[in-house]
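Novice: Quick one: sequence and predicted model below, then my questions.
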Amino acid sequence: MLPMFKTVQWKSFPRDFLIAQVGFAIYGLAIALIIQAELGTGPWAVLAVALADLTGTTPGTMLVLSGLVVLGGAVALKEQIGWGTVGNILFIGPWLDLFLALIPSLEGHLVLQTAGLLISILLSGIATAVYLSVNAGAGPRDSLMLAVSRVSGRSIRLSRAVIEVLVVLLGWVLDGPVGVGTLMFALLIGPAVQGSFRIFNVQTHRSEEED
């Protein structure tokens, strides 16, 4: 049985941390772009924006807090995590708030909105490949997906779909930004991630012995 916390490779940690941080920054930029495109966001951003509006905080803050809750669920289901999992929670939210402060709303400019949406999806795929390339643990939401799949015996695809549909529904009920962009994100994020994995030659199933 694998340990609960993925072994830290201290020799390569400084380099890995910098690479992961680049991935987190790109992810924050991607989420900020899709929010400012005003066409509907990805599932977790729908919920983060809805909660931010309700609480008077920021989407980045809510992304951090929701990540901690999700991490708790993954840990309760005994899914292996790593420092990359914790870094995902702590750093993407602040990067998101920074880019939201820098990028204006694109509402009313359909060409820019569409471009922002598509670039966001592309960047999301690249960011995922970059931070996972250091093999330091999946993000909290992916960890929960893996845990649900393992415990339920269902496929990863079905487990992810069920989780994200529930998240979108909750965000929609709370008046989050659901729209055509939400559907486009759902349809295109898989190919974006898969293509980025191939470009960056990311191996996601290396064993502890290979690390």
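Specialist: That came in fine, so what should we check first?

Novice: where does the chain dip in pLDDT?
Specialist: Low-confidence segments of the chain (pLDDT under 70): 1-2, 204-211.

Novice: What ranges does it have for its helices?
Specialist: Ranges of helices in the chain, per DSSP state H, are 13-36, 43-55, 59-76, 83-102, 110-132, 140-152, 156-173, 180-200.

Novice: Out of the ones you listed, which gets nearest to Met4?
Specialist: Taking Cβ to Cβ, helix 59-76 is the member of the helices of the chain nearest to Met4, at 7.3 Å. To be clear about C-beta, it is placed using only N, CA and C from the backbone, and glycine gets the same treatment.

Novice: quick one on the thing from earlier: quick one, which of the helices of the chain gets closest to Phe5.
Specialist: Closest approach to Phe5 among the helices of the chain (Cβ to Cβ): helix 83-102, 8.3 Å.

Novice: OK, contacts around the residue lying closest to Ser105 once chain neighbours are set aside?
Specialist: Sequence neighbours aside, Gln36 is the residue nearest to Ser105 in space, at 5.2 Å (criterion: Cβ to Cβ, 6 or more residues apart in numbering). By Cβ atoms under 8 Å, 6 or more residues apart in numbering, the contact set of Gln36 is Leu100, Ile103, Pro104, Ser105, Leu106, Gly116.

Novice: Go again with 7 Å.
Specialist: Gln36 is in contact with Ile103, Pro104, Ser105, Leu106, Gly116, counting by Cβ atoms under 7 Å, 6 or more residues apart in numbering.

Novice: just the buried members of those residues?
Specialist: By neighbour count, with 16 or more other Cβ atoms under 10 Å, the contacts of Gln36 hold Leu106, Gly116 as buried.

Novice: Same list, the contacts of Gln36, but as CSV with distance to Ser124 please.
Specialist: Listed next are these as CSV, based on distance: Cβ to Cβ, whole Å:
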residue, distance to Ser124
Ile103, 15
Pro104, 20
Ser105, 19
Leu106, 17
Gly116, 12
